[in-house]
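Build me a model:
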Amino acid sequence: MIFRNCAVYKNGNFEKSDLFVENGIFTDSSSGPVIDLSGMYVMPGFVDSHAHILGVGQKCEHLNLEKICSQEELFQLLIKQDKKIILGRGWSEQTLGGYPDKKMLDKIQKPVVLTRKCGHVAVLNQSAMNLINMYKEDGIFKEDELEKIRGRLNNEDAERLFKIGEEEFLKHGVTFVHSDDLHGLSWDELKRILKKSRIRIFEKLHFSRIEDLERFNEFGVLTERVYVKGVKIFADGSLGGKTAYLSKPYADEKSYRGMCLANSQQIERFAEICSRKKVQLCIHAIGDAAVHEVAMALKNYPKNRLIHAQLIDEKDLKYLKDTYFCVQPHFAFEDQELISRRISKEFYGLKYDFLKLFKEGYRVTFSTDAPVSPHDPKYVIEAALRMGFHLMDAINLYTYASSETTGLRNIGKIEIGYAADFAIYEKNPLKLEDDPIAVYVHGEQIWQKA
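Model (predicted):
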């Protein structure tokens, strides 16, 4: 396949060139169909290094609560729903004025499950608790409890939701997602869905227990585009849900420091098994105390991944020099109010200082953490520019660098020998204003603007 007369992105600029693709790879010559792209721009496909494809599909289908500003507004929205089980996500204390009121939710005579924006806290009414046979007086469930809830509520068409999420990423020029979709599904069900994926995927499987990881023997290349070579565990929760694990008590608490979901010994055990199975360990850690546990565990296990790392004690960095940092620049701006309200003034470490990490040579990649935040790369890159990153660096951290963290070094650039994953734009995409009109993965057009 030959693409004529296009402006091709290379190292921060566009160069007029022809592109040749054979067997899904960029080559120096080709035969076959010729496509004239005069006046068009070609960018490498974006690589989101941490997101949830199924979660994005769910966000599109569930109630979006991000703009609900009062308990009464929430109640009026909920009573209008005709679904047998009401699932909503996106509330936060700032917008809603607190947690959803369980007494109010109990007035609704059907199960209601409302998940906080961060995905680490949910409020259930009495009908929902009766349905899943899990009970809390205040209806508030956190962290691992949500895994059980998802499993017991698994009555959705996961394949359809996955396709919706996949479509959402493609329309923004994302061709590769390091996804995390096992929550609430069986491995057999997820595997069936992944085999049909059009988008390129590095799947991180979530294991709560070490023995489950020990028994699992299906890591590898599932299809030409799907690599099941990652393991996801949690060292803590979220700052918004007040479950991130901090070295100092929360500013609005006397002694509470959050939740340590995995200590250094447990993380090191996971790392040892992952090393033996030749897969990458990806650890969610937001609070500085959680990052410390990760640092102690990974100092002898290089090339694993630390996801989020929003608060860091600089003393721990020396142990993380061979670790990949998967970060979200937009959180530095989304969380400003949380930082001032939740973080003690006695904390002197790094606060969302991803630019410092990058400048000091740490291996940084960008991601959205969608559906927590918008799944649009432009949103992330704009935040990175506000933070002080150069545009060329931001694009690299969202393309080749993100792919390289998986060990795949032939994805994320438009160069001979690289996978032909790219997007075509009518206008200059470096202005961060427009989405593509067509997207190719492995040389195949899999999405086109309607």
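
Please make it C-alpha for all contacts and neighbour counts, starting now.
OK.

any chance you could map the strands in the stretch 251-400 of the chain?
280-285, 305-308, 311-312, 324-327, 350-351, 363-366 (DSSP state E, counting those that start in this stretch).

Look up how far residue 307 lies from the spatially most central residue of the chain.
By C-alpha atoms, centre = their mean, the chain has its centre lying nearest to residue 51, at 2.0 Å. Counting by C-alpha to C-alpha, to the nearest Å, the separation of residue 51 from residue 307 is 11 Å.

Next: residue 140.
25 Å.

quick one: buried residues of the helix or strand encompassing residue 167?
Using DSSP states H and E, residue 167 sits within helix 158-170. Residues 158-159, 161-170 are the ones in helix 158-170 that count as buried (16 or more other C-alpha atoms under 10 Å).

before we move on, what about stretch 425-435?
425-430, 435.

and of the residues you listed, the nearest to residue 311?
residue 430 (30.5 Å; C-alpha to C-alpha).

Averaged pLDDT, the helix or strand containing residue 423. What do you get?
Following DSSP H and E, one finds residue 423 within strand 422-425. In this model, strand 422-425 has an average pLDDT of 98.

for residue 371, what are its contacts?
Contact partners of residue 371, counting by C-alpha atoms under 8 Å, 6 or more residues apart in numbering, are 51-52, 55-56, 59.

picking that back up, of the buried residues of stretch 425-435, which pair is most distant in space?
426 and 430 (11.8 Å).

got the buried residues for stretch 391-407?
Buried residues in stretch 391-407 (16+ other C-alpha under 10 Å): 393-406.

Could you pull up the mean pLDDT of that stretch?
pLDDT averaged over stretch 391-407 gives 97.

quick one, what contacts residue 194?
Applying C-alpha under 8 Å, 6+ apart, the residues near residue 194 are 222, 226.

low-confidence ranges in this structure?
Scanning the chain for pLDDT under 70 picks out the ranges 155.

And it, split by domain according to the record?
Listed by automatic domain parsing, the domain ranges of the chain are 2-44+426-448, 48-54+157-411, 62-152.

So which of those is nearest residue 417?
Comparing the domains of the chain by C-alpha to C-alpha, domain 2-44+426-448 comes nearest, at 5.5 Å.

how long is that closest one end to end?
OK, domain 2-44+426-448 end separation, C-alpha to C-alpha: 18 Å.

related to what we said a few turns ago, make TSV out of the strands of the stretch 251-400 of the chain and add distance to residue 40 and mean neighbour count.
Compiled in TSV, the strands of the stretch 251-400 of the chain are given as follows (distance: least, C-alpha to C-alpha, whole Å; neighbours: other C-alpha atoms under 10 Å):
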stretch	distance to residue 40	mean neighbour count
strand 280-285	38	26
strand 305-308	35	25
strand 311-312	42	26
strand 324-327	31	25
strand 350-351	40	16
strand 363-366	26	25
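
want to try JSON lines for those strands, with distance to residue 186 as columns?
As requested, those are exported to JSON lines (distance: least, C-alpha to C-alpha, whole Å):
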{"stretch": "strand 280-285", "distance to residue 186": "20"}
{"stretch": "strand 305-308", "distance to residue 186": "24"}
{"stretch": "strand 311-312", "distance to residue 186": "33"}
{"stretch": "strand 324-327", "distance to residue 186": "26"}
{"stretch": "strand 350-351", "distance to residue 186": "37"}
{"stretch": "strand 363-366", "distance to residue 186": "29"}
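
For residue 190, find the nearest of those strands.
Using C-alpha to C-alpha, the strands of the stretch 251-400 of the chain put strand 280-285 closest to residue 190, at 18.8 Å.

strand partners of that closest one, parallel vs antiparallel please.
strand 226-234 (parallel), strand 305-308 (parallel) (DSSP bridges).
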